[in-house]
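**Q** when you get a sec, could you give me coordinates for this:
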Amino acid sequence: MDFNALKTKRARIRTLAEPTVRSLGCDLVGVELATEAGGLILRLFIDKPGGVTVADCTRVSRALSPEFDVEEPVAGAYRLEVSSPGIERPVERQQDFLRFQGFKAKVRMAPDWGRRRLAGVLAGVEGDELLLEAPEGLQRLPFDRIDRVRLDLTTEEFMKMAPPRATEGDPS
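**A** All right, here's what the predicted structure looks like:
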């Protein structure tokens, strides 16, 4: 699948999934399509204050499966995975680029973008561009040419950033 088609498909999946994820008290922070040994995987990353539990992931997966069966956002067979964002948290929405300004990140650009992989510190948003302070200076990366951004946290940074974890028995 070419870059633009993949980006369009991820946006459609986000549009379909977001209302359901939100209705279950979670936030859809990332959508990923990946081909692995077992075939195509549709991976959704969710979060909520206090963190997500396995029960949250199961609830979201069970609610979305019938919706995806009807809407067919992905042609053919695929495996749906729902998980927490973890230490390599995806950053996709403009509000999240602003929220994580000052954090280190790894960026993967579109195949036609000269240098495909960059690393640096998220330095903000200006118009339709992500600002990334990289070792070679400030990079202006058009959002429509960004394939993926993930935070590049140390364990200590992740632990400081993460609120206390929810537990399985937590009624929230």
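**Q** for residue 152, give me phi and psi.
**A** phi -120, psi 80 (degrees, to the nearest 10).
**Q** chain neighbours aside, what residue packs nearest to it?
**A** Spatial nearest neighbour of residue 152, excluding adjacent residues (C-beta to C-beta, 6 or more residues apart in numbering): residue 104 at 4.3 Å. (Each C-beta comes from the backbone N, C-alpha and C, glycine too.)
**Q** residues near that neighbour, how many?
**A** By the criterion of other C-beta atoms under 10 Å, residue 104 has 16 neighbours.
**Q** from residue 132, how far out is it?
**A** Per C-beta to C-beta, to the nearest Å, residue 104 is found 10 Å from residue 132.
**Q** which neighbours do those two share?
**A** 120, 121, 122 (C-beta atoms under 8 Å, 6 or more residues apart in numbering).
**Q** the first one belongs to a strand?
**A** By that I understand residue 120. Yes: using DSSP: H, G, I helix; E, B strand; the rest coil, the secondary structure at residue 120 is a strand.
**Q** surely it and residue 130 touch.
**A** No: using C-beta atoms under 8 Å, residue 120 is not in contact with residue 130, being 10.2 Å away.
**Q** longest helix of the protein?
**A** Longest helix in the chain, counting residues (DSSP state H): helix 3-23.
**Q** mean confidence (pLDDT) on that helix, please.
**A** Taken as a whole, helix 3-23 carries a mean pLDDT of 96.
**Q** show me what that helix packs onto, helices and strands only.
**A** Applying 3 or more C-beta pairs under 8 Å, 6 or more residues apart in numbering; DSSP states H and E, one finds that helix 3-23 makes contact with strand 27-36, strand 39-47, helix 54-71, strand 146-151.
**Q** would you mind listing the buried residues in it?
**A** Under the neighbour-count criterion of 16 or more other C-beta atoms under 10 Å, helix 3-23 has 7, 9, 10, 13, 14, 16, 17, 20, 21 buried.
**Q** which pair in the residues you listed spans the largest distance?
**A** 7 and 20 (21.6 Å; C-beta to C-beta).
**Q** domains of this protein?
**A** Listed by automatic domain parsing, the domain ranges of the chain are 3-83, 94-158.
**Q** can you tell me which residues contact the closest residue in space to residue 89 that isn't next to it in sequence?
**A** Excluding its sequence neighbours, the residue lying closest to residue 89 (C-beta to C-beta, 6+ apart) is residue 151, at 4.6 Å. Residue 151 sits next to 87, 88, 89, 91, 100, 103, 104, 105 when contact means C-beta under 8 Å, 6+ apart.
**Q** nearest to residue 155 among these?
**A** Comparing the contacts of residue 151 against residue 155 with C-beta to C-beta places residue 87 closest, at 7.1 Å.
**Q** since that was my last question, I'll sign off now.
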